[in-house]
Every structure is written in C-alpha cells, then in structure tokens.
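Trainee: give me a 3D structure for the following:
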Amino acid sequence: GTNERSKLFHHAVTYSHDDHELSSFLRLLSPLMQDLAPADIQTPFLNLDEAFRDAVLKRFGIKDSVQLVAIAPGASVTERQWGAERYTQVAQALCRRGKRVAVLGTTADAADARRICGAIPAAIDVTGKTNLMEAASLLSACKLFIGADSGLLHIAVALDVPTVSLFGPGREKKWAPQGNHHRIINKHLPCSPCTMFGYTPPCPLKAACMMAITPDEVIRSTQSLLAAD
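Mentor: Numbers count the residues shown, from 1 in each chain. Reported below is the predicted structural model:
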C-alpha cells in the first residue's frame, strides 16, 4: 500500500515510482499467483465498433480521416498545460503538410480550442462535444495524437495511435507510452518529475519543465512519426 488506504488490505505489495503503472497494477495479483508474466505495455487493447466510429466522423463532417491528427491542449493538472499558442504553431505546421487537425478535450479546454481553430479555419473543434466513447472513436481514426500526459493520451495508446507526448511534472517511467511509434518530449529538469502518488504540487517556476519544450521540437517529432507511416 502507498497511503492510508493500505490498512484496508490483507496483503502488501511493493510499489515503485520507476515502474510503469501497468506493471504496478499487475503486481497486485502477486499474492494470488505464483508465476506472473511480465506486463505487456506495448500491445494495444481497445477495439471499437467501426460503424459507431464512422457515425461520429460523419457527425463532425469528417469525410476522409486519412490525414486527421488529434491535438489535446488541455490537462486536468494546470502544471501539465503547454499553452494554446504553442499548440497553434504545431497545428499550423501540420496544416502546411496537408494534415487536418481535430482539437479534443472537455469544455474546460474550449477557450484553447477556439484560439487554435481561430488561427486554422479548417481545424475541427470537438471540445466538450463528445462523450468518452465518441472521443475514443474519433481518436481511433487519427494518424497521430499530440498532447500532454492525460487520459486522452492513454486512450490513444490503447488504440495503437502513434503519439507525441509532453512530459514534465508527470512521471515518464510510470506513465509514458512505450514503443517505436511514440515520441516522448521531456526536458528532465532537476525538479522534474514532481508528481507523487497522483498529486502535483503548485509550481513556483511556472511549469518551467513544460515551457522549456519548444514547438519546433514537437513539430520535428510529428514529422518523424508521419514520415514513418
């Protein structure tokens, strides 16, 4: 156990911040199983109904998703947010390469989405307009996902969508996607990562670890993944 809830359990298992979270969850089975296979953290595990996906695409007027790229500018933790201006620069670079951008997120991300889509009229703003299943279906049609450490990132990974993820406060070893079709950008500042057991403290440095990531770095990562497609 890692907190006061540990008194509710009969068997204690080890926990490390350097283990991927899937491995940590799998270890919970160790008191019940003598031989645990290593966690497979690279194999996607979500399959969605194609007809439902096509209906979601039609709803947002997406007739051809071949060039579709998802950007999620939001993050529930303020310190993980990168800024609409930076995402706009990335989106503009993608549009110059003939890609179409869909901006995903909740209503809390709508202001960022409006700024991105205001600079790119062809971009599609679906923030606050989908439930989780609809968002996942839209992600499944994308060639690439770009965003911070967030729930949408992990859904994209589970769907086998290539990703460019921005890490700073979050723990890369525990949460970052694994595999050759994922790119992780992390400046590894001395104070990073600062998240402990899911809690990220207020940053006195104005999220310097995230602000140090440049749009050019993200653009180069997107280009390498799209070129490999």
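
Trainee: what about the helices in this structure?
Mentor: Ranges of helices in the chain, per DSSP state H, are 21-27, 50-59, 84-96, 110-119, 132-140, 151-158, 172-175, 208-211, 215-228.

Trainee: so what does the longest one touch, helix or strand wise?
Mentor: Put plainly, it is helix 215-228. Applying 3 or more C-beta pairs under 8 Å, 6 or more residues apart in numbering; DSSP states H and E, one finds that helix 215-228 makes contact with helix 84-96, strand 144-148, strand 163-167, strand 182-186. The way it works is simple: take the backbone N, C-alpha and C, and place the C-beta from them, glycine included.

Trainee: list the buried ones in the first one?
Mentor: When burial is assessed from 16 or more other C-beta atoms under 10 Å, helix 84-96 yields the following buried residues: 84, 86, 87, 88, 89, 90, 91, 92, 93, 94, 95.

Trainee: what pLDDT does the residue nearest to the fifth one when sequence neighbours are not counted get?
Mentor: Here the nearest residue to residue 89 in space, its sequence neighbours aside, is residue 215; by C-beta to C-beta, 6 or more residues apart in numbering that works out to 3.9 Å. Each residue has a pLDDT score; the one for residue 215 is 98.

Trainee: next one: the one 4 residues further on
Mentor: Per-residue confidence for residue 219 comes out at a pLDDT of 98.

Trainee: my guess is it contacts residue 88. True?
Mentor: No: contact between residue 219 and residue 88 fails when scored by C-beta atoms under 8 Å: they sit 11.8 Å apart.

Trainee: okay, the residue positioned nearest the centre of the chain and residue 51: tell me how far apart.
Mentor: Taking C-alpha atoms, centre = their mean as the criterion, residue 153 is the residue nearest the geometric centre of the chain, at 1.9 Å. To residue 51, residue 153 is 26 Å away according to C-beta to C-beta, to the nearest Å.

Trainee: go on, residue 35?
Mentor: From residue 35 across to residue 51, the span is 41 Å (C-beta to C-beta).

Trainee: who has more neighbours out of these two?
Mentor: Using other C-beta atoms under 10 Å as the criterion, residue 35 and residue 51 rank with residue 51 on top: 9 against 5.

Trainee: distance check, that one against residue 185.
Mentor: 36 Å.

Trainee: go on, residue 62?
Mentor: 27 Å.

Trainee: pick out whichever of the two has more residues nearby.
Mentor: residue 185 (20 against 17).

Trainee: ok, that one - contacts?
Mentor: Taking C-beta atoms under 8 Å, 6 or more residues apart in numbering as the criterion, residue 185 is in contact with 164, 165, 166, 167, 213, 217, 218, 221.
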